[in-house]
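**Q** Just the structure for this:
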Amino acid sequence: MQTETLSYVKEHANHLELDGPLLITQKGNARFVLQNVEDYEYQQESLALLKLLVISDLSAKEDILSFDQAFAD
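**A** As a prediction, the model looks like this:
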């Protein structure tokens, strides 16, 4: 994962090209991760699919899974 400072990102925001996620640091500490929209959407869809798999596994083991149980964090 490429790493840049927040100052660098601010100065070069118009010309940034992301090949993958960009770790942004501030005062030497990791603060943000910048990624393109396609990667973000893919990540969110993957998490939703994993959650559905967990829900289906739990419901197969139990008789009934309530709505609150299914969508609890």
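**Q** hey, let's count contacts and neighbours off CA atoms from now on
**A** Fine.
**Q** ranges for the strands of the protein?
**A** Using DSSP state E, the strands of the chain run over 2-5, 22-26, 29-34.
**Q** Serialize these to a markdown table and add fields for distance to residue 40.
**A** Shown next, in a markdown table, are those (distance: least, Cα to Cα, whole Å):
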| stretch | distance to residue 40 |
| --- | --- |
| strand 2-5 | 16 |
| strand 22-26 | 12 |
| strand 29-34 | 9 |
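**Q** among these, which is nearest residue 42?
**A** Among these, the nearest to residue 42 by Cα to Cα is strand 29-34 (14.4 Å).
**Q** per-domain residue ranges of the chain.
**A** 1-35, 36-73 (automatic domain parsing).
**Q** Endpoints of stretch 5-16, how far apart?
**A** For stretch 5-16, the separation between the terminal residues is 13 Å (Cα to Cα, to the nearest Å).
**Q** Let me know the average pLDDT across it.
**A** The predicted model gives stretch 5-16 an average pLDDT of 93.
**Q** what does that stretch rub up against?
**A** Outside of stretch 5-16, the residues within contact range by Cα atoms under 8 Å, 6 or more residues apart in numbering are 24-26.
**Q** buried ones in the helix ranked longest in the chain?
**A** Looking across the chain with DSSP state H, the single longest helix is helix 37-61. Within helix 37-61, the residues that count as buried by 16 or more other Cα atoms under 10 Å are residue 55.
**Q** Average pLDDT for that helix, rounded please.
**A** Averaging pLDDT along helix 37-61 gives 89.
**Q** Does anything pack onto it? Which helices or strands?
**A** Here helix 37-61 touches no other helix or strand, going by 3 or more Cα pairs under 8 Å, 6 or more residues apart in numbering; DSSP states H and E.
**Q** quick one, it and strand 29-34 angle?
**A** Comparing the axes of helix 37-61 and strand 29-34 via axes from the mean of the first three to the mean of the last three Cα atoms, to 10 degrees yields an angle of 90 degrees.
**Q** how far away is the residue most central in space within the chain from residue 68?
**A** The residue lying closest to the centre of the chain (Cα atoms, centre = their mean) is residue 43, at 5.6 Å. Noted for residue 43: a distance of 24 Å to residue 68, by Cα to Cα.
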